[in-house]
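Engineer: Structure, please.
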Amino acid sequence: MSIEHENITRINMDGREFILIATAHISKRSVELVKEVIEREKPDSVCVELDEQRYQTVTEGNKWQETDIFKIIKENKATLLLINLVASSFQKRMAKQFGINPGQEMIQGIQSAKEVGAELVLADRNIQITFARIWHSVGFFGKLRLAMELILSIFDDENITEEDLEKMKSQDMLNSMLSEFTKTFPKLKTPLVDERDQYLAQKIKEAPGNKVVAVLGAAHVPGITEEIKKEHDLAKLVQLPSKSKFAKTIVWAIPIIFIALIAFTAFHNPEVGLQQSLSWVLWTGSFAALGTALAFGHPLSILTAFLVAPITALHPLLAAGWFAGITQAYIRRPSVRDFENLAEDIFSLKGFWNNKVTRILLIVSLANIGGSIGTFIGGADVIRMFIENL
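Structural biologist: Residues are numbered from 1 along each chain as shown. The predicted structure follows:
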């Protein structure tokens, strides 16, 4: 391994040469460096730190108008889309403040690969898989906190400081978005950085040809330099996390136990059993409705959240936010213009609230958060009344 430039690392292995370019996602100099290296080296392959979804975004733009909002809600991807919107908002805020277009060095890598006739390799893991593995690693309360912080970050109109800008120069966009959260949840580093280092290293190693140039965020180069010497199972790295049999048993057992507690209490003391039932309905329904109301949902969406939350809270495969969001989508169906204006609307508080798409996504997320909080409070109250009446 040799380093001829502080941002260029050469690795010779098994008769092949790998040239890693450490870039800053918000540096004009990085764009120039990518162009210079690819034109000079004329590699057989150029690897870029993008997956298929982000490649389409940088080459075709965010084609939001093709989004099926009902499908997103039914497939439980509302939070994922909200995260993507947060990322877009984050990038737009930087672009406006510093006149910088994040990710331009990747676009340059794509263009230069075509110009020299090199094979283009999308070397990063699918962003949805990364988020799914992050989501799985933080636990229930971590999910609530992460969702709330992401939502609140949308409305953070504070300017990015020069200190923040310097930190971003050594991070990729995902890392910089979640840097504060990784301090609270150190386990996030595994899916966010370590696993992606392994995935990127393997994809670079499998790229065709004897000379390969890789355009990478500077934060990944040290890890990839070590991981490229090892073999990694890509299929394992893209597996979506699944719940253990024990976890699956627990999520079904808890609702059954709650129903049994209420039934047992009602059998011995019908009045207390009725109080338990009312407490459960009021706590779960009220908090789900409150979440919907905080997102300025339609009155019927608020009512839907209140009515379905006591039932969905007892069913692991259902969520109050889905029903509230679908109701909102039927009543205030987003127009093509809403999708077309997403890129601009998410940049301002007024636009975010007024856009029907973001309103629906907020309703789904906040109704689910509210319903979860109500479930804990209502469940605790049911148990309290059961114990008091033993």
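Engineer: secondary structure class for Val357?
Structural biologist: Assigned by DSSP: H, G, I helix; E, B strand; the rest coil, the conformation of Val357 is helix.
Engineer: Any buried residues in stretch 19-32, and which?
Structural biologist: Neighbour-count burial for stretch 19-32, counted by 16 or more other C-beta atoms under 10 Å, picks out 19-27, 30-31. From N, CA and C alone the C-beta is placed, and that goes for glycine too.
Engineer: And the furthest pair within those?
Structural biologist: Ile19 and Ile26 (22.2 Å; C-beta to C-beta).
Engineer: buried ones in stretch 126-143?
Structural biologist: Buried, per 16+ other C-beta under 10 Å, within stretch 126-143: 127, 129-135, 137-138, 142-143.
Engineer: What of stretch 193-203?
Structural biologist: 193, 195-203.
Engineer: Is it possible to get TSV of the residues you listed that adds secondary structure, distance to Arg54 and pLDDT?
Structural biologist: Compiled in TSV, the buried residues of stretch 193-203 are given as follows (DSSP: H, G, I helix; E, B strand; the rest coil; distance: C-beta to C-beta, whole Å; pLDDT from 0 to 100):
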residue	secondary structure	distance to Arg54	pLDDT
Val193	helix	17	84
Glu195	helix	17	92
Arg196	helix	13	93
Asp197	helix	17	94
Gln198	helix	19	96
Tyr199	helix	14	96
Leu200	helix	13	96
Ala201	helix	19	96
Gln202	helix	18	96
Lys203	helix	14	97
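Engineer: Could you let me know which of those residues ends up closest to Asp338?
Structural biologist: Among the buried residues of stretch 193-203, and counting by C-beta to C-beta, the member closest to Asp338 is Arg196, at 33.0 Å.
Engineer: Spit out the contact partners of Pro241.
Structural biologist: Counting by C-beta atoms under 8 Å, 6 or more residues apart in numbering, Pro241 makes contact with 132-133, 136-137.
Engineer: Swap in 7 Å and give it another go.
Structural biologist: Contact analysis of Pro241 by C-beta atoms under 7 Å, 6 or more residues apart in numbering lists 132-133, 136.
Engineer: and it, what element?
Structural biologist: Assigning secondary structure by DSSP states H and E places Pro241 outside every helix and strand.
Engineer: Next one: Leu290 from Ala309, what distance?
Structural biologist: Separation of Leu290 from Ala309 (C-beta to C-beta, to the nearest Å): 10 Å.
Engineer: who has more neighbours, these two?
Structural biologist: Counted by other C-beta atoms under 10 Å, Leu290 and Ala309 do not tie: Ala309 has more neighbours, with 35 against 20.
Engineer: gap between the two ends of stretch 48-55?
Structural biologist: End-to-end distance for stretch 48-55: 9 Å, by C-alpha to C-alpha, to the nearest Å.
Engineer: If you count neighbours, what's buried in it?
Structural biologist: 48-51, 54-55.
Engineer: What's the local residue count around Val34?
Structural biologist: The local packing of Val34 (other C-beta under 10 Å) involves 27 other residues.
Engineer: Assumed it was part of a helix.
Structural biologist: Yes - checked against three-state DSSP, Val34 lies within a helix.
Engineer: Contacts only, for it.
Structural biologist: 21, 23, 105, 108-109, 112, 215.
Engineer: Return the distance of it relative to Arg16.
Structural biologist: 20 Å.
Engineer: pretty sure Arg332 is in contact with Thr358, am I right?
Structural biologist: No - between Arg332 and Thr358 there is no contact under C-beta atoms under 7 Å: 11.8 Å.
Engineer: more crowded one of those two?
Structural biologist: Between Arg332 and Thr358, Thr358 has the larger neighbour count (other C-beta under 10 Å), namely 24 against 16.
Engineer: Local confidence estimate at the more buried one?
Structural biologist: Thr358 carries a pLDDT score of 81 in this model.
Engineer: What of the one 3 residues further on?
Structural biologist: The model reports Leu361 with a pLDDT of 83.
Engineer: That one and Leu294: what is the separation?
Structural biologist: When C-beta to C-beta is applied, the distance between Leu361 and Leu294 equals 13 Å.
Engineer: Which one's more surrounded, these two?
Structural biologist: When neighbours are counted by other C-beta under 10 Å, Leu361 and Leu294 differ, and Leu361 comes out ahead with 28 against 16.
Engineer: what about the more buried one, which SS state?
Structural biologist: Going by three-state DSSP: Leu361 is helix.
Engineer: ok, now Ile107?
Structural biologist: Going by three-state DSSP: Ile107 is helix.
Engineer: Would you agree it is in contact with Tyr55?
Structural biologist: No - between Ile107 and Tyr55 there is no contact under C-beta under 7 Å: 9.9 Å.
Engineer: Wasn't Thr327 part of a helix?
Structural biologist: Yes - secondary structure of Thr327 (three-state DSSP): part of a helix.
Engineer: and it, how many neighbours?
Structural biologist: 22.
Engineer: residues in contact with it?
Structural biologist: Contacts of Thr327 by C-beta under 7 Å, 6+ apart are 300-301, 304.
Engineer: Out of those, which sit inside helices?
Structural biologist: 300-301, 304 (DSSP state H).
Engineer: now those: which count as buried?
Structural biologist: For the ones in helices among the contacts of Thr327, buried by 16+ other C-beta under 10 Å: 301, 304.
Engineer: Turn the ones in helices among the contacts of Thr327 into CSV, including distance to Gly378 and pLDDT.
Structural biologist: Below are these laid out as CSV (distance: C-beta to C-beta, whole Å; pLDDT from 0 to 100):
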residue, distance to Gly378, pLDDT
Leu300, 23, 96
Ser301, 21, 96
Thr304, 18, 96
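Engineer: In a markdown table: the ones in helices among the contacts of Thr327, plus distance to Ala118.
Structural biologist: A markdown table is the format used below for those (distance: C-beta to C-beta, whole Å):
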| residue | distance to Ala118 |
| --- | --- |
| Leu300 | 56 |
| Ser301 | 51 |
| Thr304 | 54 |
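Engineer: quick check, nearest of the ones in helices among the contacts of Thr327 to Lys229?
Structural biologist: Ser301 (54.2 Å).
Engineer: quick one: the closest one and Gly374, what's the gap?
Structural biologist: Counting by C-beta to C-beta, the gap from Ser301 to Gly374 is 16 Å.
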